[in-house]
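**Q** need the 3D shape of this:
(2 chains)
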2 protein chains.
Amino acid sequence: MLRARSVGGFAQVDPASTPGYDGDKKTGAAELAAVGEKLSTLQEMLFAEARSGGDRSVLLVLQGMDTAGKGGIVRHVGGLVDPQGLAVTGFGRPTRTEAAHDFLWRIRKALPAPGHIGVFDRSHYEDVLPVRVHSLVPESVWRPRFDDINAFEAELAASGTSIIKCALVVSKDEQKARLAERLKRPDKFWKYDPSDLTERAYWDEYLQAYQEIFDRTDTDAAPWHVIPADRKWFSRLAVAQILLETLESLDLSWPPANFDVDAEKARLAALDD
Amino acid sequence: MLRARSVGGFAQVDPASTPGYDGDKKTGAAELAAVGEKLSTLQEMLFAEARSGGDRSVLLVLQGMDTAGKGGIVRHVGGLVDPQGLAVTGFGRPTRTEAAHDFLWRIRKALPAPGHIGVFDRSHYEDVLPVRVHSLVPESVWRPRFDDINAFEAELAASGTSIIKCALVVSKDEQKARLAERLKRPDKFWKYDPSDLTERAYWDEYLQAYQEIFDRTDTDAAPWHVIPADRKWFSRLAVAQILLETLESLDLSWPPANFDVDAEKARLAALDD
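**A** Numbers count the residues shown, from 1 in each chain, chains lettered A, B, ... in the order given. You can find the predicted model right below:
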């Protein structure tokens, strides 16, 4: 229901809405805990499957304007599962070494191993977002990247990685309020960057860039979801729910024993200490 | 109090004891949650410090016999903090590529970045444990590793990483019970490996190998703690407490703003949308 192609993109989404959920913050928290229980079991099954030779994994890509709550998703949704099976990577401005390679180089290095849930806090889509908005490279360079991305994601999906892409959409008013809070609380200063305000001036350009991302890269192998994010409790619940549905679609089960259970029981019973 | 040098090593420790804690399972769970609250804040401060240019990190090394509960520590202690600031690495049998390098090669690659808490589920100590017990390399190769390890850990500590090493000690009876449970429950089969029983036959050799590890590598820069682990709730609480004390010793605080707060407030207030 939050699929980008059905909601029509950022501009059509009310960031304060809670589509598909008629509860409130309190019931939402309880719902998140319930989703978390299921997620936790399925994540362990995925991990166990890989230990038995399976090659499946999940990749959750998070994008969104500054203050949209990507970090909160990592903490509150990622925190629902065993950290042993989670691989979180944040992608900031490319280092000199990263910039010297193809834009997918650093992404490939961070892909989740079999059995893991990878979470990307920003991703290869930065290379068609700020890079495009600020013309860091000419259009002749960034435009072909949509095809590169689709090919990359198709390859990834074919090799056993289920890809989920979530774009968090926050309203300008809510962003302003969150930036103001970061400037008021010393424990939030570290999250504030003067460039956030600069970026805000390019709001419409970002909307346009996101729209083209949805138009070009919302594929069945790697679908885009648009997540209203003015209410943090809802965006966390929505992403957790999508992650759960993805894991459920894998039809996971506990791997059968790759040893003779009765024989091992006998060995154990025969121990003299 | 759990410092290896003061308890005298594995052989002197009662795996069912709860040294320094006179509560029970129920109060222990509440205590763990309380420790978790504090841990979570300090971990965020450590993460924030690194964003502001700090180079400090923490490395928690977990060792212990099979079934001692290393995975449970990762889940229940690691799960107390934001996964964004956590880097968990499990070290199994070396791959062919890993085996072709020095034993510290794969370890160095997995060290926590500044601001992160790294957790090693097994570690470079495997190279003086099974490798020694099973004579996978001659003594002339493994014995010098104690010096290599001390030099490596001293270098690491000097570069800003606080190192905590925990050896979980489980009794033979409890191990037997945990192995039996893994053989009884299909959702636990994946955790069982027939080689676990084979390893058990080398119990005393492992004790001896651990003792030499404590004798040779329990340094002030990288102390060893011996954690009684027959009661899972206690071992989790003990490791969380040691982690908390380590973070407290760093005297962390929220980094000051690296921008002019009033000027940014004015910029924000001047926005026309």
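**Q** next one: the helix or strand that A:E212 is a member of to chain centre, how far?
**A** Following DSSP states H and E, one finds A:E212 within helix A:203-217. From the chain centre to the centre of helix A:203-217 is a distance of 18 Å (Cα atoms, centre = their mean, to the nearest Å).
**Q** same thing with stretch A:180-196?
**A** Distance of stretch A:180-196 from its chain centroid, counting by Cα atoms, centre = their mean, is 24 Å.
**Q** who touches it?
**A** By Cβ atoms under 8 Å, 6 or more residues apart in numbering or on different chains, the list of residues contacting stretch A:180-196 from outside reads A:66-67, A:71, A:179, B:48, B:51-52, B:254-257, B:259, B:261, B:264-265, B:267-268. For glycine as for every other residue, the C-beta is placed from the backbone atoms N, C-alpha and C.
**Q** one more pass at 7 Å, please.
**A** Residues from elsewhere that reach stretch A:180-196 (Cβ atoms under 7 Å, 6 or more residues apart in numbering or on different chains): A:66, A:179, B:48, B:51-52, B:254-255, B:257, B:259, B:261, B:264-265, B:268.
**Q** for the stretch 151-273 of chain A, which segments count as strands?
**A** Under the criterion DSSP state E, counting those that start in this stretch, strands of the stretch 151-273 of chain A are mapped to A:161-169, A:224-228.
**Q** what mean pLDDT does the longest one get?
**A** Okay, so that is strand A:161-169. The average of the pLDDT scores along strand A:161-169 is 98.
**Q** got the angle between that strand and strand A:224-228?
**A** Angle of strand A:161-169 versus strand A:224-228, following axes from the mean of the first three to the mean of the last three Cα atoms, to 10 degrees, is 30 degrees.
**Q** note down every partner strand of strand A:161-169 and its orientation.
**A** When pairs are called by DSSP bridges, strand A:161-169 turns out to pair with strand A:57-64 (parallel), strand A:224-228 (parallel).
**Q** kindly reformat the ones you listed as a markdown table containing mean neighbour count and mean pLDDT.
**A** As requested, the strands paired with strand A:161-169 are arranged in a markdown table below (neighbours: other Cβ atoms under 10 Å in any protein chain shown; pLDDT from 0 to 100):
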| stretch | mean neighbour count | mean pLDDT |
| --- | --- | --- |
| strand A:57-64 | 24 | 98 |
| strand A:224-228 | 24 | 97 |
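**Q** looking at those strands, which is closest to B:S57?
**A** Nearest to B:S57, of all the strands paired with strand A:161-169, is strand A:57-64, at 23.7 Å by Cβ to Cβ.
**Q** which other residues reach the following helix or strand past that closest one?
**A** Following strand A:57-64 in sequence order, the next helix or strand is helix A:70-76 (DSSP H and E). Residues outside helix A:70-76 that contact it (Cβ under 7 Å, 6+ apart) are A:62, A:64, A:88, A:119, A:121, A:168, A:232, A:235-236, A:239, B:82-84.
**Q** name the member of the residues you listed with the most neighbours.
**A** A:V239 (30 neighbours; other Cβ atoms under 10 Å in any protein chain shown).
**Q** give me the distance between it and A:L62.
**A** A:V239 sits 8 Å away from A:L62 when distances are taken as Cβ to Cβ, to the nearest Å.
**Q** spit out the residues that contact these two alike.
**A** Contact criterion Cβ under 7 Å, 6+ apart; residues shared by A:V239 and A:L62: A:I73, A:C166.
**Q** what distance do you get for the closest residue to A:A221 other than its chain neighbours to A:T219?
**A** Using Cβ to Cβ, 6 or more residues apart in numbering or on different chains and skipping residues adjacent in sequence, the residue nearest A:A221 is A:A157, 3.9 Å away. Counting by Cβ to Cβ, the separation of A:A157 from A:T219 is 9 Å.
**Q** with A:E37 instead?
**A** Taken as Cβ to Cβ, the span from A:E37 to A:T219 is 31 Å.
**Q** which one of those two has more residues nearby?
**A** A:T219 (16 against 11).
**Q** give me every residue that touches the more buried one.
**A** Counting by Cβ under 7 Å, 6+ apart, A:T219 touches A:N150, A:E153.
**Q** which positions in the stretch 151-273 of chain A make contact with chain B?
**A** A:172, A:176, A:179-180, A:183, A:186-187, A:189-190, A:194, A:197, A:254-255, A:257, A:259, A:261, A:264-265, A:267-268, A:271, A:273 (Cβ under 7 Å from any Cβ of the partner chain).
**Q** mind listing which of these are in helices?
**A** Counting by DSSP state H, the part of these found in helices is A:K172, A:K176, A:L179, A:A180, A:L183, A:P194, A:L197, A:V261, A:E264, A:K265, A:R267, A:L268.
**Q** what's the pLDDT at the second one?
**A** At A:K176, the model reports a pLDDT of 97.
**Q** who's in contact with it?
**A** Counting by Cβ under 7 Å, 6+ apart, A:K176 makes contact with B:L268, B:L271.
**Q** and the strands in the stretch 1-150 of chain A?
**A** Applying DSSP E, counting those that start in this stretch to the stretch 1-150 of chain A gives strands spanning A:57-64, A:86-90, A:117-121.
**Q** out of the helices and strands in chain A, which is least certain?
**A** Lowest by mean pLDDT, DSSP states H and E among the helices and strands of chain A is helix A:4-7, with a mean of 83.
**Q** quick check, A:I117 in contact with A:Q84.
**A** No. Contact criterion Cβ atoms under 7 Å: A:I117 and A:Q84 do not qualify, at 10.6 Å.
**Q** before we move on, back to that, got a markdown table for the strands of the stretch 1-150 of chain A, with distance to A:A100 too?
**A** Shown next, in a markdown table, are the strands of the stretch 1-150 of chain A (distance: least, Cβ to Cβ, whole Å):
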| stretch | distance to A:A100 |
| --- | --- |
| strand A:57-64 | 24 |
| strand A:86-90 | 19 |
| strand A:117-121 | 21 |
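**Q** right, and A:R5 touches A:D220 too?
**A** No. Counting by Cβ under 7 Å, A:R5 sits too far from A:D220 to count as a contact (10.0 Å).
**Q** the more surrounded of these two?
**A** For A:R5 versus A:D220, neighbours defined as other Cβ under 10 Å are more numerous around A:R5 (14 against 8).
**Q** give the buried residues for stretch A:94-109.
**A** Within stretch A:94-109, the residues that count as buried by 16 or more other Cβ atoms under 10 Å in any protein chain shown are A:P94, A:E98, A:F103, A:R106, A:I107.
**Q** what's the answer for stretch A:11-26, then?
**A** In stretch A:11-26, counting by 16+ other Cβ under 10 Å, buried: A:V13, A:P15, A:T18, A:Y21.
**Q** return the set of buried residues in the least confident helix or strand of chain A.
**A** Of all the residues in helix A:4-7, those buried under the rule 16+ other Cβ under 10 Å are A:A4, A:V7.
**Q** neighbouring contacts of that helix?
**A** Applying Cβ under 7 Å, 6+ apart, the contact partners of helix A:4-7 are A:V13, A:F214, A:D218, A:W224, A:H225, A:V226.
**Q** out of those, who's nearest B:V77?
**A** A:H225 (32.2 Å).
**Q** contacting residues around the closest one?
**A** When contacts are counted by Cβ under 7 Å, 6+ apart, A:H225 touches A:L2, A:R3, A:A4, A:K165, A:C166, A:I242.
**Q** could you list the buried residues of stretch A:31-45?
**A** Buried residues in stretch A:31-45, counted by 16+ other Cβ under 10 Å: A:E31, A:L32, A:V35, A:G36, A:L39, A:S40, A:L42, A:Q43, A:E44, A:M45.
**Q** show me what that stretch is in contact with.
**A** Here stretch A:31-45 makes contact (Cβ under 7 Å, 6+ apart) with A:23, A:80-82, A:85, A:117, A:236-237, A:240-241, A:243-244, A:247-248, A:252-254.
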